[in-house]
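[1] have a look at this fold, sequence not included:
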């Protein structure tokens, strides 16, 4: 990839020095000085030459001095240059997630836990919006003379149960009729509230049947609304270790605001299969001292969810990109089987 218009153009040795600074910093989390780099035979230059290259990289915004007498650390721009130009190939990684025959909720929990365990980073996975699933089966059950339960099973294996209390006794025949009618009208259709409302609109129904359906139909609207916040997070404690209390508090608040976090994940995705946002590139202040690697999964030409890793600026970018890509590929195969199988 050629440098962007605002990026400096580095010589081969400057790129090598930047790559070495990144490598040492990722291993030690400490500023990197010219003496330690001069001992690296691959660079093949003395301390004075390396100092000049470090000064040049700092002057052009790729490195920074955390303290007057310290070595250098990569800036956000330095990390960006490294990700865009110095990662030759991401390793071929196959993360064995064993998703076959798992229900959606179990699959999402497994992916977030496994990715956090593998990387020691915060893993965040968004499930497909529930509105993209279809209805597989509906049960209407009389629990008591005035109490009725509606159970909805979706194509993704999700099960939702709503209980309704009526002022008058509910006739057993009405309950049996409603179960048969709802299955006939709704099975195989998506959970889009407007479409379901149209399916339940029937001028031929009597007032008793219409009133009963009008009450229990909120089950399906609530299902769609609930699907907006399907976010699975694992590794929060790992990311909190050693972080500034203010930064940690902001991040925890962001994670608690599920809708906001979903927006951050979706905003991170561009045209590529995996997107990397570094430090100040993240729009939310809670993420501006962190890096975010995200990839979409779903059906062909239809993204359904996002797999992402959030960690320090010195995270293993090549490994994280490879793991996110592998997980997204496996989740795409999984949802293809669930939605189209």
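    Right, received. Where do you want to start? Bear in mind that the values here come from a model prediction, so they are computed numbers and not experimental data.

[2] now do the helices in this protein.
    Assignment of helices within the chain using DSSP state H yields the ranges 12-28, 34-38, 47-59, 76-81, 104-119, 172-186, 193-200, 207-216, 218-226, 236-240, 245-256, 258-267, 317-340.

[3] quick one: the fourth one to chain centroid distance?
    Read it as helix 76-81. Its chain's average C-alpha position is 23 Å from that of helix 76-81, according to C-alpha atoms, centre = their mean, to the nearest Å.

[4] how many other residues sit next to the nearest residue to residue 208 once chain neighbours are set aside?
    Counting by C-beta to C-beta, 6 or more residues apart in numbering, the nearest residue to residue 208 once its immediate chain neighbours are dropped is residue 174, at 6.8 Å. (Each C-beta comes from the backbone N, C-alpha and C, glycine too.) Taking other C-beta atoms under 10 Å as the neighbour definition, residue 174 ends up with a count of 15.

[5] cool, the one 10 residues further on as well?
    The number of residues packed around residue 184, counting by other C-beta under 10 Å, is 10.

[6] next, the contact list for it, please.
    When contacts are counted by C-beta atoms under 8 Å, 6 or more residues apart in numbering, residue 184 touches no other residue.

[7] if you set the cut-off to 10 Å instead, what comes out?
    Contact partners of residue 184, counting by C-beta atoms under 10 Å, 6 or more residues apart in numbering, are 138, 199.

[8] from residue 204, how far off is it?
    Spatial separation of residue 184 from residue 204 under the definition C-beta to C-beta, to the nearest Å is 13 Å.

[9] what's the answer for residue 254, then?
    Counting by C-beta to C-beta, the gap from residue 254 to residue 204 is 50 Å.

[10] higher neighbour count, these two?
    Taking neighbours as other C-beta under 10 Å, residue 254 and residue 204 compare with residue 254 leading, 17 against 6.

[11] find the nearest non-adjacent residue to the more buried one, please.
    Spatial nearest neighbour of residue 254, excluding adjacent residues (C-beta to C-beta, 6+ apart): residue 286 at 4.2 Å.

[12] just to check, residue 190 is in contact with residue 196?
    Yes. Residue 190 lies in contact with residue 196 (C-beta atoms under 10 Å); the separation is 8.2 Å.

[13] more crowded one of these two?
    Each of residue 190 and residue 196 had its neighbours counted (other C-beta under 10 Å), and the higher figure belongs to residue 196 (23 against 17).

[14] count of residues packed around the closest residue to that one other than its chain neighbours?
    Distances taken as C-beta to C-beta, 6+ apart place residue 220 nearest to residue 196, at 4.9 Å, with adjacent residues excluded. Neighbour count of residue 220, defined by other C-beta under 10 Å: 27.

[15] kindly report the same for residue 173.
    Taking other C-beta under 10 Å as the criterion, the count of residues near residue 173 is 8.

[16] for this protein, where's the lowest mean pLDDT among helices and strands?
    Among the helical and strand segments of the chain, the one scoring lowest on mean pLDDT, DSSP states H and E is helix 218-226, with a mean of 64.

[17] what's the local residue count around the residue lying closest to residue 182 once chain neighbours are set aside?
    Spatially, and ignoring its direct neighbours in sequence, residue 182 is nearest to residue 138 (4.6 Å; C-beta to C-beta, 6+ apart). Neighbour count for residue 138, taken as other C-beta under 10 Å: 22.

[18] now the one 4 residues further on
    Here the count is done by other C-beta under 10 Å, and residue 142 has 16 residues near it.

[19] would you mark the buried spots in stretch 59-77?
    Residues of stretch 59-77 classed as buried by neighbour count (16 or more other C-beta atoms under 10 Å): 60, 62, 63, 64, 71, 72, 73, 74, 75, 76, 77.
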